[in-house]
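Q: Give me the fold of what follows.
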Amino acid sequence: MVIIQKRRILLRMKRFLILFLLASTLVFGRKIIVKMATLAPEGTEWHGLLIEMGQKWEEVTNGQVILRIYPGGVVGDERDMVRKMRIGQIHAAGISTEGLTEIIPDFNAFYVPLAYQDTDDVFRVMNDMMPEFEKKLEQKGFKLLSIGDIGWAYWFTTTEVRIPEHLKDKKIFSWAGDFKWAEIYKKAGYRPVPLASTDILSGLQTGLIDAMTTMPLYALAQQSFGITNHMLDLKWGILLAGIIIDKSTWNRIPEKYHDSLLTSTQSIREKQLQTNRTAEQQAIDVMKQNGLTIHVPTEEEVRIWKTEIERMEPHIRGYVIPADIYDRVIELTQE
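A: Residues are numbered from 1 along each chain as shown. Below you'll find the model as predicted:
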């Protein structure tokens, strides 16, 4: 009888210990895995900064939030990333204007051709419009953790392009799924070719496209300048990059960590912005040493390009970009 009672006590103690360990795991040991995608190639500075951000996240949450980064477009282009965030296959992304416009088309405000000529223009528009854009992102189910410009977009082509008529002979890369920009280019007499961002290099190699707007840093990282080895030194637009996370994942992270995560994310963004200021020119210099030809437009050629944008404006304003936002961008960049 005594032996039976001892066995019962031991069994109860064992059950209690198991329940305690399970509870401890749920309360103290559960980790939140955040899967983040980016087009940044593995080994690039931007990829390195995201790794550093992940280390900071783990540090400030005492190991409770683990960031897993999928670089180089392994989960698809930025539009794919947004779609996969919506269905829960990934939880966060470091995306540029391309991906942001998939969520909020208003982000096209930062890609009005030739509107922005210096960083003061960019900051002025961001300070004016970003609070409203951030609210719209939240309404769509996304939390914006940080955002900033990542560099100027220039025309890179396989042969010299100095005026719009030269570009009309080219097969121009257009973001797949963004049919509005493709339609505008067609109406203006250009030949857009819709492609996923991940297919740009193969498109250049096969001759499917022979012209594109991109940042010097991207052209160098992707080695696309070996094919599009002519650059028009005319700031066509500014590219932004934001770090976003779906709100359901964000809300699963204990609120006590939110401020620390935002601070660490924004510190990485500041580091990237400071680096970009010198990295763009360094990238251009490296490409020049390896065969890139830079074409600096004359005042007359700049005037011709501006006239061309004025001709295209009725198709852009109110179609790709809401009229009120377009007008506000023009007003702010002409101050």
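Q: going forward, measure contacts between C-alpha atoms and count neighbours the same way
A: Fine.
Q: the strands in the stretch 51-200 of the chain, which residues?
A: 65-70, 92-96, 142-157, 171-175, 191-195 (DSSP state E, counting those that start in this stretch).
Q: Could you export these as JSON lines, including distance to residue 316, mean pLDDT and mean neighbour count?
A: Shown next, in JSON lines, are the strands of the stretch 51-200 of the chain (distance: least, CA to CA, whole Å; pLDDT from 0 to 100; neighbours: other CA atoms under 10 Å):
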{"stretch": "strand 65-70", "distance to residue 316": "34", "mean pLDDT": "96", "mean neighbour count": "20"}
{"stretch": "strand 92-96", "distance to residue 316": "20", "mean pLDDT": "94", "mean neighbour count": "25"}
{"stretch": "strand 142-157", "distance to residue 316": "18", "mean pLDDT": "94", "mean neighbour count": "22"}
{"stretch": "strand 171-175", "distance to residue 316": "15", "mean pLDDT": "94", "mean neighbour count": "23"}
{"stretch": "strand 191-195", "distance to residue 316": "15", "mean pLDDT": "95", "mean neighbour count": "20"}
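Q: so which of those gets nearest residue 129?
A: When the strands of the stretch 51-200 of the chain are ranked by proximity to residue 129, the top entry is strand 142-157, at 12.5 Å, counting by CA to CA.
Q: That closest one pairs with which strands?
A: Its sheet considered, strand 142-157 pairs with strand 211-214 (antiparallel), strand 230-246 (antiparallel) by DSSP bridges.
Q: C-terminal to the first one, what's the next element?
A: With elements assigned by DSSP states H and E, the helix or strand that comes after strand 211-214 is helix 216-222.
Q: all helices of the stretch 201-335 of the chain, in order?
A: 216-222, 247-252, 258-289, 299-316, 323-333 (DSSP state H, counting those that start in this stretch).
Q: Quick one: closest of the strands paired with strand 142-157 to residue 137.
A: Residue 137 lies closest to strand 230-246 among these, at 9.1 Å (CA to CA).
Q: how far off helix 258-289 does that closest one point, in degrees?
A: 160 degrees (axes from the mean of the first three to the mean of the last three CA atoms, to 10 degrees).
Q: Show me which residues of strand 230-246 are buried.
A: Within strand 230-246, the residues that count as buried by 16 or more other CA atoms under 10 Å are 230-232, 234-246.
Q: Stretch 128-145 too?
A: 129, 133-134, 136-137, 142-145.
Q: Can you pick out the most distant pair from those residues?
A: Across the buried residues of stretch 128-145 (CA to CA), the longest gap, 17.1 Å, separates 129 and 142.
Q: so where's the chain shaky on pLDDT?
A: 1-29 (pLDDT under 70).
Q: For residue 62, give me phi and psi.
A: Here is the backbone geometry of residue 62 (degrees, to the nearest 10): phi 60, psi 40.
Q: residue contacts, the nearest residue to residue 284 once chain neighbours are set aside?
A: Spatial nearest neighbour of residue 284, chain neighbours left out: residue 216 (6.1 Å); criterion: CA to CA, 6 or more residues apart in numbering. Residue 216 makes contact with 152-154, 280, 283-284 under the criterion CA atoms under 8 Å, 6 or more residues apart in numbering.
Q: so what's residue 94 bridging to?
A: So, taking DSSP bridges as the rule, residue 94 has residue 38, residue 243 as bridge partners.
Q: wait, what's in contact with it?
A: By CA under 8 Å, 6+ apart, residue 94 lies in contact with 36-39, 241-244.
Q: And the residues you listed, which is closest to residue 188?
A: Of all the contacts of residue 94, residue 241 has the smallest distance to residue 188: 28.4 Å, by CA to CA.
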